[in-house]
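**Q** quick one: sequence plus predicted model below, questions after.
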Amino acid sequence: MLKLNVVILAAGAGKRMQSSIPKVMHTLGGIPLLMHVINTARLLKPDRICVVIGHGGDLIRQSIVGADLVWAKQEHQLGTGHAVMQAQSYLDKEGATLILYGDVPLVSLDTLQRLITSTQEKHCALLSAFVENPSGYGRIVRNSETKAITMIVEQKDATLDQQNICEINTGIMLVPNAYLHQWLPRIGNSNAQCEYYLTDIIAMAVKEGIPVDSKQPDNYWEIIGVNNKRQLAELERIFQLERANKLMEQGVYLVDPARIDIRGELICGLEVEIDVNCVFEGIVNLHNNVRIGPNCILKNVVVDEGAIIAPYSLIEDAKIGAKCRIGPYARIRPGTRLLEEVHIGNFVEVKNSQIARRSKANHLSYIGDSIIGENVNIGAGTITCNYDGVNKHQTIIEDDVFVGSDTQLVAPIRISKGSTIGAGSTITKDTPEGALTLSRARQISYFEWKRPTKTKS
């Protein structure tokens, strides 16, 4: 088996991004560009992954961790050849090195495996692509008769004839380490940009009679790099559409595949329906027959079979039970667990609470740090007063409780089984089982009272 090293070039400042964040740390689908590349590289099971960092290197290392990663520092960005030189000491003497780029996030595992497995042991290989507009890319120059690759010429160094070549160098290449150790010290910077081009080693290979193989990616977007915010946004839409297509191939019904954002991992069962403009972050698991209405945001959520999430609902770090109905305009905060057939309605917020089967809070309520039993009705405008300004306290509502509208439950408190709380009450003490409990001021009417009127000026 080939001993494989991977070098990922991630040292560029990315000035065109107009950002203080290192270019490779900008996100695509909620994941840093560099992390996409590292994740794909890991699937190749290489012996070593070396990431070459420069601008913002400390932030990159703090944000991306892994015992399988080694880091090389490129103090001055003097070209791709110079960047790989910084990684040279980490490369094995045998095997081959695959060169990848931290700002080219979508190159696929299949494409890289094909590049590796189809290349003979003592050959070099590169990933090329045919594009309609090759401007800005290095051109692949081939022998007119044998069609063998003879060199790669950069845009600024290309002749007019060479600039008309539509086969471009993606920068991704596979080089035997024995050659790489010989050629890296010989790369010069006698070119229009006074940089050390990694592509010069292709000319060295040709000069020494070493064949240079080439492969093309499965999809054109695999070789697209990110240099500015516009390109990042364009690649985001490509990425999201590809993910949407895979979901639809699995049977998920998307009302509009162009209007979904998956910023993590979305796992779907059978007969799942997702309406427009929904955002999924972290790991979201939608079981069979789940329906998600438009404009919802779900982050690290499990939604059990048959649940319905109505429009404009926000759910984070929670578990939604089977046949629950959430929203519209509901907010489910971290630590919440809803069991089967719970209803959480419009403008209801639930935080760090467990609500048992067939209980409901349908309107304008806040439930925090609570344990609620089965068949409980929470009336409109109910608030669990769980925070005393310093500490959080728990509210326990047992089975078959009816809480009237506009009620404040001042925690810590227990509302016993079968209790009824009269509307407009402020409850500060535990209630007895099965009783009606209420607390209201005496209603008074003043017949001599006159409504204020505006004073004439």
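**A** Perfect, thanks for sending it. Numbering: from 1, shown residues only.
**Q** what are the ranges of the strands in the stretch 201-350 of the chain?
**A** For the stretch 201-350 of the chain, the strands defined by DSSP state E, counting those that start in this stretch occupy 212-215, 253-254, 260-268, 273-274, 278-286, 291-292, 297-303, 308-309, 314-320, 325-326, 331-332, 336-338, 343-346, 349-351.
**Q** now do the fourth one, average pLDDT.
**A** When you say that, I think you mean strand 273-274. The pLDDT scores in strand 273-274 average 98.
**Q** and for the third one?
**A** Strand 260-268 shows an average pLDDT of 97 in the prediction.
**Q** cool, the fifth one as well?
**A** If you average the pLDDT over strand 278-286, you get 98.
**Q** now the strands of the stretch 201-350 of the chain as JSON lines including mean neighbour count?
**A** For glycine as for every other residue, the C-beta is placed from the backbone atoms N, C-alpha and C. Shown next, in JSON lines, are the strands of the stretch 201-350 of the chain (neighbours: other CB atoms under 10 Å):
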{"stretch": "strand 212-215", "mean neighbour count": "20"}
{"stretch": "strand 253-254", "mean neighbour count": "16"}
{"stretch": "strand 260-268", "mean neighbour count": "19"}
{"stretch": "strand 273-274", "mean neighbour count": "22"}
{"stretch": "strand 278-286", "mean neighbour count": "20"}
{"stretch": "strand 291-292", "mean neighbour count": "24"}
{"stretch": "strand 297-303", "mean neighbour count": "21"}
{"stretch": "strand 308-309", "mean neighbour count": "24"}
{"stretch": "strand 314-320", "mean neighbour count": "21"}
{"stretch": "strand 325-326", "mean neighbour count": "24"}
{"stretch": "strand 331-332", "mean neighbour count": "24"}
{"stretch": "strand 336-338", "mean neighbour count": "24"}
{"stretch": "strand 343-346", "mean neighbour count": "22"}
{"stretch": "strand 349-351", "mean neighbour count": "22"}
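**Q** with distance to V51 as new columns, can these be given to me in JSON lines?
**A** Converted to JSON lines, the strands of the stretch 201-350 of the chain look like this (distance: least, CB to CB, whole Å):
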{"stretch": "strand 212-215", "distance to V51": "24"}
{"stretch": "strand 253-254", "distance to V51": "35"}
{"stretch": "strand 260-268", "distance to V51": "22"}
{"stretch": "strand 273-274", "distance to V51": "36"}
{"stretch": "strand 278-286", "distance to V51": "24"}
{"stretch": "strand 291-292", "distance to V51": "37"}
{"stretch": "strand 297-303", "distance to V51": "27"}
{"stretch": "strand 308-309", "distance to V51": "39"}
{"stretch": "strand 314-320", "distance to V51": "31"}
{"stretch": "strand 325-326", "distance to V51": "42"}
{"stretch": "strand 331-332", "distance to V51": "38"}
{"stretch": "strand 336-338", "distance to V51": "38"}
{"stretch": "strand 343-346", "distance to V51": "45"}
{"stretch": "strand 349-351", "distance to V51": "39"}
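**Q** closest to M173 out of those?
**A** Proximity to M173 (CB to CB) singles out strand 212-215 among these, at 8.9 Å.
**Q** what's in contact with that closest one?
**A** Under the contact criterion CB atoms under 8 Å, 6 or more residues apart in numbering, strand 212-215 has outside partners 111, 114-115, 118-120, 123-128, 140, 148-149, 202, 205-206.
**Q** ok, now stretch 192-207?
**A** 78-85, 99, 124, 126, 138, 148-152, 154, 156-157, 169, 171, 173, 175, 179-180, 183-184, 186-189, 191, 211-212.
**Q** in the helix of greatest length in the chain, what counts as buried?
**A** When the chain is parsed with DSSP state H, its longest helix is helix 229-249. For helix 229-249, a neighbour-count test (16 or more other CB atoms under 10 Å) marks L232, L235, E236, I238, F239, Q240, R243, A244, L247 as buried.
**Q** count of neighbours near the nearest residue to the fifth one once chain neighbours are set aside?
**A** The reference is to F239. Nearest non-adjacent residue to F239, counting by CB to CB, 6 or more residues apart in numbering: G29, 5.3 Å away. Residues near G29, counting by other CB atoms under 10 Å, number 20.
**Q** same question, K73
**A** K73: 12 neighbours (other CB under 10 Å).
**Q** and G389, how many neighbours does it have?
**A** 4.
**Q** measure it to S365 for me?
**A** Distance of G389 to S365, given as CB to CB, to the nearest Å: 21 Å.
**Q** likewise for Q77?
**A** The span separating Q77 from S365 equals 56 Å under the rule CB to CB.
**Q** who has more neighbours out of those two?
**A** S365 (23 against 15).
**Q** now that one: closest residue in space that isn't a chain neighbour?
**A** Nearest non-adjacent residue to S365 (CB to CB, 6+ apart): T382, at 4.5 Å.
**Q** rewinding a little: got CSV for the buried residues of helix 229-249, with pLDDT and distance to V301 too?
**A** Formatted as CSV, the buried residues of helix 229-249 follow (pLDDT from 0 to 100; distance: CB to CB, whole Å):
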residue, pLDDT, distance to V301
L232, 97, 27
L235, 97, 26
E236, 97, 22
I238, 97, 26
F239, 97, 21
Q240, 98, 19
R243, 97, 17
A244, 98, 19
L247, 98, 16
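**Q** what's the closest of those to D261?
**A** Looking across those and measuring by CB to CB, the closest to D261 is Q240, at 5.9 Å.
**Q** from what I can see that closest one touches D256, true?
**A** No: between Q240 and D256 no contact is recorded; they are 11.4 Å apart, counting by CB atoms under 8 Å.
**Q** ok, and what's touching whichever strand or helix holds R414?
**A** Assessed by DSSP states H and E, R414 sits inside strand 413-415. Residues external to strand 413-415 that are found in contact with it (CB under 8 Å, 6+ apart): 395-398, 401, 403, 409, 421, 427-431.
**Q** out of these, which two are the most distant from each other?
**A** Going by CB to CB, the pair spanning the contacts of strand 413-415 furthest: E398 and T428, at 17.5 Å.
**Q** between those two, who's got more neighbours?
**A** Using other CB under 10 Å as the criterion, E398 and T428 rank with E398 on top: 19 against 12.
**Q** check contacts around that one.
**A** Per CB under 8 Å, 6+ apart, neighbours of E398: G373, R414, I415, S416, K417, G418, S419, E433.
**Q** between those residues, which sits nearest V302?
**A** Closest to V302, out of all of these and judged by CB to CB, is G373, at 21.7 Å.
**Q** isn't that closest one up against T395?
**A** No: counting by CB under 8 Å, G373 sits too far from T395 to count as a contact (11.7 Å).
**Q** the two - which one has more neighbours?
**A** Set side by side, G373 and T395 show more neighbours around T395, with 23 against 20, by other CB under 10 Å.
**Q** what separation is there between L34 and V272?
**A** In terms of CB to CB, L34 sits 31 Å off from V272.
**Q** that should have said N169, apologies.
**A** For N169 relative to V272 (CB to CB), the value is 42 Å.
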